[in-house]
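Asker: Curious how this folds, go ahead:
(2 chains)
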Amino acid sequence: MNDIAVIFQTEFMRRIRSRPYIIGTLFGAFGLAVIAILPGILAASLGANTKTIVLSAPPALLAPAATLLRKHYDVVALEVAPPAHPTLAYLDAHGKASALVEIGRTPRGLHVTLFARDAGAVRDALGEDLVPLNVALATKLAQRRIDQLLVVPVETKSLDAKFASGAGAETAKGIALAMVTILYLAIILNAQNILASVAEEKTSRIAELLVATVRPSTLLAGKILATAASGIVQIAVWIGAAYVAAPLIAAQNTDPSSLATGASTGNDALFSVLNSIGPSVIAAFAAFFTIGFLQFALMYASAGALISRTEDMGSVVAPLVIPVVAGFLVAQIAVVAPNATNVIVLSMIPLVSPFVMFARIAVATIPLWQVVLSVALNLAAIVVIAVFAGKLYRVGLLTYGRPPKLTQVWAVLRS
Amino acid sequence: MLVLDRVRRSFGSVPAVRDISLTVARGSTFGLLGPNGAGKTTTMRMILGILLPDAGTVTWNGAPIDDGVRRRFGYLPEERGLYGKMLVRAQIVYFGRLHGLEENDAGRRADRWIERLELGAYAKRPCSELSKGNQQKVQVACAALHDPEFIILDEPFSGLDPVNAEMLLGVLRELQARGATLVLSSHQMWQIEHLCDAFCIIAAGEVRAAGTLDELRAAWPTRTIELEPASAALAAVMAAEPGAVARAGSHGTLAYDVPAATPLPPLVRRLVAAGDVSRFERREPSLNDIYLHATGDRG
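Answerer: Predicted coordinates for the structure are as follows:
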């Protein structure tokens, strides 16, 4: 087994057995599941209290109004003659209803009076739901005709061959934003892990023993590969958590009757999302994760080699965070305007482009030459960064004392 | 055989090693001595290829030291370092594998070294839980696990209690017996004097003295004469001796540095003729004397 493989194996095992990694992975997975499920649970519990109403209306309007309101409300009682001054006790007596909805007629149309525990929570869809009845009373048109008139069909024909419909493009934007976020987290977290690992070897003074045995470049390569692999395992666990959570997510977004088949529905939902991403986007994600991770891992590793005390970590990291955050922010603009001139230019600039070019690929059809040029520039940048970062790493690993000044760093880079 | 030929290394404008040349015979034990900041660690790092010399060459058995050669070397640096959370045995095995051993072989050897260094109770504990002395023993195992043909030990005795120092001395004797070439750096002269076949004393990045102890002594300009009793008659004889310089002797003893070439029989006859002589001793310079003289600190 060659040295890189030995270092890779040891570093990988050391990392995945470390307490912070295990805690981070489990909490990440748990957090992801909670984030996915929590809104549904909250909405469900909120809905139970806010959508139960008692409906009061003149006899002729009671049935059609109830039909319309049942779209969004659970109508627990129909009243022709409600009390003049309803109280909370009245609502409690009607299944702890949230509100009494009293519908009347005026010369200008329907008028609704709402007696509610929390008016804001109930009124959202009320007026909108009653519009067809209001129109029917005013125009005498048939209900079906009114329903047709209230909906204007819009057909979108995308000029970009990537998506057949506007809905597809919108879905892609949402997915692209999510993937850019994962890309950002995967790159910055793993690059910081490299920094911490190098700093540990430097501050524990084991670095000298290691570079007396293997070349610094071999040591660095083994560490970077191990960190990348452990990062991929972590992402896989998180995706696994999403896979498990998916049935629950799907279940809360469907009617209760589908709960029995919730598992398959959830998995189908996940597969449906994955299918909508497409192989080219997945390939682009893998490629730009690799490119971005290598660029930042090399820079973070050299930064880690420059410090002698873990307390100095923050000061050397600060400048390196800027391009990552810049790339992440520009990528969000790229999702909305993938072919804006500034975005195109930034998708060519190394350090930023792994985020920006990936975002563009995820939402639009990018000319092949732009993708090839971006990848070529990034690969060239990796070579340049590797040369300079390698120098800093080699020199920094055996240099102790105060963190070097910029002039000293520059002198090493020029050497 | 290790040969350094006019090796030079600077850090920025500060010269750390200036044209050092030395030869370490295969299978010998070599003492590299010098005060702090003399350039010892830089020299060792250049031998191991951690640092590249600005000028000059370093060869092992006539060939430059490449990755394959370095794999057969061992190193115990002055600044001790271990992965704090890694278990003792795993750490030793890891370094064995980095030196080219298969995992199973490294494991078997690690077990032997753990037993040899009496680390059995700590084998499955993280290194950070060990005392400084035990951590140092782990590092010795890391450096020697792969049976290196050449091993550098920078201050191997520092931090060890007398029992563990004796144990390390035994380990070094075993390595010598196996034919390994050793380069030692230590400030504990009494240990290194008995362990090494040859020495190189450097100061300010330069070689100040080199050779076997006999060669170093032969080049020493004076010898110390100690006399008892500390009588005025004997002191008068020594005062008349050409080149004799009085030294501070212990209570009841006279001590003088005399030129190395001073013939002793006539001097002894003159002393006996002058008065009673209960003790006459010609003392060879110790390694410590030579070291202090060579590094410019004559005490």
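Asker: from here on, contacts and neighbour counts on C-alpha atoms
Answerer: Noted.
Asker: List the buried residues of stretch A:330-341.
Answerer: A:Val330, A:Ala331, A:Gln332, A:Ile333, A:Ala334, A:Val335, A:Val336, A:Ala337, A:Pro338 (16 or more other CA atoms under 10 Å in any protein chain shown).
Asker: Next: stretch B:10-17.
Answerer: In stretch B:10-17, counting by 16+ other CA under 10 Å, buried: B:Ala16, B:Val17.
Asker: how distant is that stretch from the center of its chain?
Answerer: Mean C-alpha position of stretch B:10-17 versus that of the full chain (CA atoms, centre = their mean, to the nearest Å) differs by 24 Å.
Asker: what does stretch B:102-118 contact?
Answerer: Contact partners of stretch B:102-118, identified using CA atoms under 8 Å, 6 or more residues apart in numbering or on different chains, comprise A:1, B:89, B:92-93, B:96-97, B:120, B:123, B:137-138, B:141, B:145-146, B:167.
Asker: can you map out the helices along the stretch 151-299 of chain B?
Answerer: B:162-177, B:189-195, B:213-218, B:232-240, B:264-274, B:287-294 (DSSP state H, counting those that start in this stretch).
Asker: Just want the most central residue of chain A.
Answerer: A:Ala178 (3.4 Å; CA atoms, centre = their mean).
Asker: Tell me which helix or strand it sits in.
Answerer: Taking DSSP states H and E as the definition, A:Ala178 sits inside helix A:166-203.
Asker: is chain B contacted by that helix?
Answerer: Yes. Using CA under 8 Å from any CA of the partner chain, we find that helix A:166-203 touches chain B at A:Glu201.
Asker: mean confidence for that helix?
Answerer: For helix A:166-203, mean pLDDT is 81.
Asker: Any idea how far that helix is from the middle of the chain?
Answerer: 11 Å.
Asker: Also stretch B:215-224?
Answerer: The answer for stretch B:215-224 is 19 Å, by CA atoms, centre = their mean.
Asker: what comes up buried for that stretch?
Answerer: B:Leu216, B:Arg217, B:Trp220, B:Thr222, B:Arg223, B:Thr224.
Asker: who's in contact with it?
Answerer: Under CA under 8 Å, 6+ apart, the answer for stretch B:215-224 is B:209-210, B:255-261, B:282-285, B:290.
Asker: which of those residues are buried?
Answerer: So, by 16+ other CA under 10 Å, the buried ones in the contacts of stretch B:215-224 are B:Ala209, B:Ala210, B:Ala255, B:Tyr256, B:Asp257, B:Val258, B:Pro259, B:Ala260, B:Glu284, B:Pro285, B:Ile290.
Asker: Quick one, grab the pLDDT at the fourth one.
Answerer: It refers to B:Tyr256. The per-residue pLDDT of B:Tyr256 was computed as 93.
Asker: Surely it touches B:Ser250?
Answerer: No. Look at B:Tyr256 against B:Ser250 with CA atoms under 8 Å: they stay out of range, at 11.8 Å.
Asker: now the chain, which segments are flagged as low pLDDT?
Answerer: Answering for chain A, as no chain was given. A:1, A:35-50, A:119-121, A:123-124, A:156-169, A:243, A:246-277, A:399-415 (pLDDT under 70).
Asker: Switch to chain B, please.
Answerer: Checking chain B against pLDDT under 70 turns up B:297-299.
Asker: where does it come near chain A, residue by residue?
Answerer: So far as CA under 8 Å from any CA goes, chain B lies against chain A at B:45, B:48-50, B:67, B:70-71, B:75-77, B:79-84, B:86, B:94, B:97-100, B:102.
Asker: dump the residue contacts of A:Leu320.
Answerer: Counted by CA under 8 Å, 6+ apart, A:Leu320 has contacts A:Phe296, A:Met299, A:Tyr300.
Asker: A helix includes it, no?
Answerer: Yes. The assignment for A:Leu320 (DSSP: H, G, I helix; E, B strand; the rest coil) places it in a helix.
Asker: mind checking how far it is from chain B?
Answerer: Separation of A:Leu320 from chain B (CA to the nearest CA, to the nearest Å): 27 Å.
Asker: do A:Leu150 as well
Answerer: 69 Å.
Asker: now do A:Asp312
Answerer: 19 Å.
Asker: now that residue, what's its secondary structure?
Answerer: Applying three-state DSSP: A:Asp312 is helix.
Asker: who's in contact with whichever residue of the stretch 1-150 of chain B sits closest to chain A?
Answerer: Proximity to chain A, evaluated over the stretch 1-150 of chain B using CA to the nearest CA, is greatest for B:Gly81 at 4.1 Å. Counting by CA under 8 Å, 6+ apart, B:Gly81 touches A:Ser204, A:Arg205, A:Ile206, A:Ala207, A:Leu209, B:Gln139.
Asker: Contacts only, for B:Ala165.
Answerer: Contacts of B:Ala165 (CA under 8 Å, 6+ apart): B:Phe157.
Asker: before we move on, back to that, out of the contacts of stretch B:102-118, which is nearest to A:Val34?
Answerer: Taking CA to CA as the measure, A:Val34 lies nearest B:Arg89 of those, at 40.6 Å.
Asker: how about that closest one, secondary structure?
Answerer: Applying three-state DSSP: B:Arg89 is helix.
Asker: And for the one 4 residues further on?
Answerer: For B:Val93, the secondary structure call by three-state DSSP comes out as helix.
Asker: re earlier: in TSV: the buried residues of stretch A:330-341, plus secondary structure and distance to chain B.
Answerer: Shown next, in TSV, are those (DSSP: H, G, I helix; E, B strand; the rest coil; distance: CA to the nearest CA, whole Å):
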residue	secondary structure	distance to chain B
A:Val330	helix	40
A:Ala331	helix	39
A:Gln332	helix	40
A:Ile333	helix	44
A:Ala334	helix	44
A:Val335	helix	44
A:Val336	helix	47
A:Ala337	coil	49
A:Pro338	coil	47
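Asker: out of those residues, who's nearest B:Ser10?
Answerer: For the buried residues of stretch A:330-341, the nearest to B:Ser10 is A:Val330 (45.6 Å; CA to CA).
Asker: thought that closest one was touching A:Val356?
Answerer: Yes. When contacts are counted by CA under 8 Å, A:Val330 is listed as touching A:Val356 (6.3 Å).
Asker: can you list residues touching both of these two?
Answerer: By CA under 8 Å, 6+ apart, the residues touching both A:Val330 and A:Val356 are A:Val343.
Asker: in what helix or strand does B:Asp5 lie?
Answerer: strand B:2-11.
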